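Undergrad: Here's my sequence, what's the structure:
(one chain, ligands or ions: 2)
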Amino acid sequence: MIPLLTAAQISQVDNYTIAHEPITSIALMERASEAFVVAFTCDYPDKAKNITVYCGTGNNGGDGLAIARLLKNNFYTNVSVKIARFSQKSTPEFEHNFVQLKSVGIDFFVINADDEIPFDDSEIIIDALLGSGLNRPLSGDYAKLVEYLNNLHTTVVAVDVPTGFYTDGQIPGNLLVLKARQVITFQQAKINFLLPESAPFMDDFKVVDIGLDKPFIASLNSPYQLIEESDVRQMLKPRKPFSHKGTYGHALIIAGQPQTMGAALLCSSACAHTGAGLTTVCIPQSGLVALNTSMPEIMAIIRNDLPDIKWEKYNTIAIGPGLGTDASSIELLRAVFKEYKRPVVIDADALNMIADNKDLLLNIPAGSVITPHMKEFDRLFGQHTSWWQRIETVISKAKQYNICILLKNRYTIIGTPEGKIYFNPTGNPAMASGGMGDVLTGVITSLLAQGYAAREACIIGAYIHGKAGDELSNQLSVVLAGQVAKHIPATLAKMRA
Ligand SMILES: NC(=O)C1=CN([C@@H]2O[C@H](COP(=O)(O)OP(=O)(O)OC[C@H]3O[C@@H](n4cnc5c(N)ncnc54)[C@H](O)[C@@H]3O)[C@@H](O)[C@H]2O)[C@@H](O)CC1
Ligand SMILES: [K+]
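TA: Ligands and ions are numbered 1, 2, ... in the order given. Prediction:
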């Protein structure tokens, strides 16, 4: 896991690293700037491009000055610098790099407060105006400069953080930010890069390691963690010799209506493909032929009004995909909560029924998983005006109900009763199509049936679901849910190799 820190904590880690590595702050800035330049030269190899580095007078600006110098050393022939000296304040690291810049003879131009903004016709802009030190929205000279630069629509590569962007905490509405084509960020993804509110301000980000003290970072015990492939590999249990279908559990999936049978089929297919020993799906009679034709491995319970379910047979139950919210579905949901005391997976219409009957929240078996998308989440827990607020709600509700909450997103957010938030990095826009959530529910259900705890089932499930989609998207520009379900065994084989 990569611990994700707030800006205040990152500055604490900078200071700790400077004191204990030990390294001077100027050498640390040089290391950061070198890391930036390595990443930059990889993505922008044309050394004749006309590049302007815009620098503030804090340490982000100090980075910018060092980057301009290093680019020149790397034979970028057309680099110049514009310094926004909008206040008298500057850091010693900035001043040091300003002297260095002058010594290598790079053209620079100083923009003072209230000056006209100088004309810019560069092909690439490197944004080193403000970084993680931002403590208020842009206004005055900064706002004027950023508006001018945004209107140019030039390719902007931001150093660490796009100027004006908040790295953590609630992002104010109508924020003015220097929009970046790419952000090359130091040490770790900033938490707000993982939330949809970052989308208008950056197309992409890349993390470069600047060697901050990892044991100290770990000691801060951040609640926010980014899942890595190695975590999932460690969590995955091998399929052992002499094991049999009974070893890998029996999952029951209660899903589907005549018009939404696909949800039941996709969910149960994903469950079987993720390795549950047995999968049974509880569907209306009208789905039986489709089920037997498409997935003969899966057993069925025909759902009349209230089906006769032998609860103790199942290692876990999923309820909701395509289920509908009529009276008999509510009765069935209540029956699951009454009769079945082990962890379950609750998705889609089951979440909508809980949203309409909030008393049911208290009946969710401990250790269960709920898998809402944003709208289902807001229906359950109230309207939110920002994703940061949603994260706070995930933390409090996961604790309150002793459940794992998996809030679907580009970087899916998994909250546990211990107060941790895990961000899942896998998945891609080719997967934005119907049925994908039903497949994810099937994957998580399968993992619970196989004996993984809810936290592991969510982390592994979200990761492999997204990774299967990533692997498929190497060759396909659109990936359908059924393809993801069928590809899971191949992804699992790679992860277990
Ligand atoms: N030794 C270190 O601490 C390192 C810092 N690094 C760089 O340092 C950056 C952080 O530097 P700083 O803390 O100096 O801060 P910034 O350079 O981001 O900002 C400079 C100053 O601008 C002021 N400011 C904040 N919001 C403003 C606004 N809306 N309008 C006008 N002024 C505003 C604040 O006084 C702030 O300290 C990082 O983003 C990174 O680029 C890297 O060089 C790595 C090492
Ligand atoms: K910046």
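
Undergrad: tell me what the host helix or strand of residue 494 is packed against?
TA: Here residue 494 sits within helix 481-496, counting by DSSP states H and E. In this structure, helix 481-496 packs against helix 229-235, helix 261-273, helix 436-449, helix 454-473, with contacts taken as 3 or more Cβ pairs under 8 Å, 6 or more residues apart in numbering; DSSP states H and E. Where C-beta positions appear, they are placed from N, C-alpha and C, glycine not excepted.

Undergrad: Return whatever helix or strand comes next after the shortest one as PDB; C-alpha atoms alone will do.
TA: If I follow you right, that is helix 229-235. Using DSSP H and E, the next helix or strand after helix 229-235 towards the C-terminus is strand 250-254. Only the C-alpha atoms of strand 250-254 are listed here, as PDB (Å, rounded to 0.1, in the frame of the first residue of the first chain):
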ATOM      1  CA  HIS A 250     -20.900 -21.800  -2.300                       C
ATOM      2  CA  ALA A 251     -22.300 -18.400  -3.200                       C
ATOM      3  CA  LEU A 252     -26.000 -17.600  -3.600                       C
ATOM      4  CA  ILE A 253     -26.900 -14.600  -5.800                       C
ATOM      5  CA  ILE A 254     -30.400 -13.200  -5.600                       C
END
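
Undergrad: I'd like to know which elements strand 250-254 is packed against.
TA: helix 261-273, strand 278-283, strand 316-319, helix 436-449.

Undergrad: hmm, 10 Å instead?
TA: Counting contacts by 3 or more Cβ pairs under 10 Å, 6 or more residues apart in numbering; DSSP states H and E, strand 250-254 packs against helix 261-273, strand 278-283, strand 299-302, strand 316-319, helix 327-339, strand 344-346, helix 436-449.

Undergrad: What parts of the stretch 1-150 of the chain come near ligand 1?
TA: The stretch 1-150 of the chain comes close to ligand 1 at residues 14, 25, 28-29, 32, 56, 58-61, 63, 91, 130-136, 138, 142, as judged by Cβ under 6 Å from any ligand atom.

Undergrad: Dump the helices and strands packed on strand 250-254 into JSON lines; add distance to ligand 2, mean neighbour count and mean pLDDT as well.
TA: Compiled in JSON lines, the helices and strands packed on strand 250-254 are given as follows (distance: least, Cβ to the ion, whole Å; neighbours: other Cβ atoms under 10 Å; pLDDT from 0 to 100):
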{"stretch": "helix 261-273", "distance to ligand 2": "42", "mean neighbour count": "29", "mean pLDDT": "98"}
{"stretch": "strand 278-283", "distance to ligand 2": "50", "mean neighbour count": "25", "mean pLDDT": "97"}
{"stretch": "strand 299-302", "distance to ligand 2": "57", "mean neighbour count": "16", "mean pLDDT": "96"}
{"stretch": "strand 316-319", "distance to ligand 2": "45", "mean neighbour count": "30", "mean pLDDT": "98"}
{"stretch": "helix 327-339", "distance to ligand 2": "49", "mean neighbour count": "16", "mean pLDDT": "95"}
{"stretch": "strand 344-346", "distance to ligand 2": "42", "mean neighbour count": "30", "mean pLDDT": "98"}
{"stretch": "helix 436-449", "distance to ligand 2": "35", "mean neighbour count": "30", "mean pLDDT": "98"}
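
Undergrad: Any idea which of those gets closest to residue 49?
TA: helix 436-449 (39.5 Å; Cβ to Cβ).

Undergrad: how far out from the middle of the chain is the closest one?
TA: Chain-centre distance of helix 436-449: 19 Å, with Cα atoms, centre = their mean, to the nearest Å.

Undergrad: can you check stretch 476-492 too?
TA: Here stretch 476-492 is found 20 Å from its chain centre; the criterion is Cα atoms, centre = their mean.

Undergrad: That stretch: which residues count as buried?
TA: The neighbour-count check on stretch 476-492 (16 or more other Cβ atoms under 10 Å) flags 479, 480, 481, 482, 483, 484, 485, 486, 487, 488, 491, 492 as buried.

Undergrad: so residue 278 bridges to which residues?
TA: Beta-bridge partners of residue 278, counted by DSSP bridges, are residue 250.

Undergrad: For it, which residues are in contact?
TA: By Cβ atoms under 10 Å, 6 or more residues apart in numbering, residue 278 lies in contact with 245-246, 248-252, 271-272, 297-299, 313-315, 449.

Undergrad: Residue 322: which of these is nearest?
TA: Distance to residue 322 across the contacts of residue 278 (Cβ to Cβ) is lowest for residue 271, with 14.4 Å.

Undergrad: does the closest one really touch residue 318, like I thought?
TA: Yes. Counting by Cβ atoms under 10 Å, residue 318 is a contact partner of residue 271 at 7.5 Å.

Undergrad: Measure how buried residue 136 is and give me the count.
TA: 9 (other Cβ atoms under 10 Å).

Undergrad: can you offset everything so residue one is 93?
TA: Right, with 93 as the first residue, what we last looked at is residue 228.

Undergrad: And it, how close does it get to ligand 2?
TA: Noted for residue 228: a distance of 15 Å to ligand 2, by Cβ to the ion, to the nearest Å.

Undergrad: Isn't that residue up against residue 268?
TA: No. With contacts counted by Cβ under 10 Å, residue 228 stays clear of residue 268, the gap being 11.4 Å.

Undergrad: Identify the contacts common to those two.
TA: With Cβ under 10 Å, 6+ apart as the test, residue 228 and residue 268 both reach 234, 256.

Undergrad: Up against ligand 2, what does this structure have?
TA: Contact residues, the chain versus ligand 2 (Cβ under 5 Å from the ion): 152, 219, 223, 250, 251, 255.
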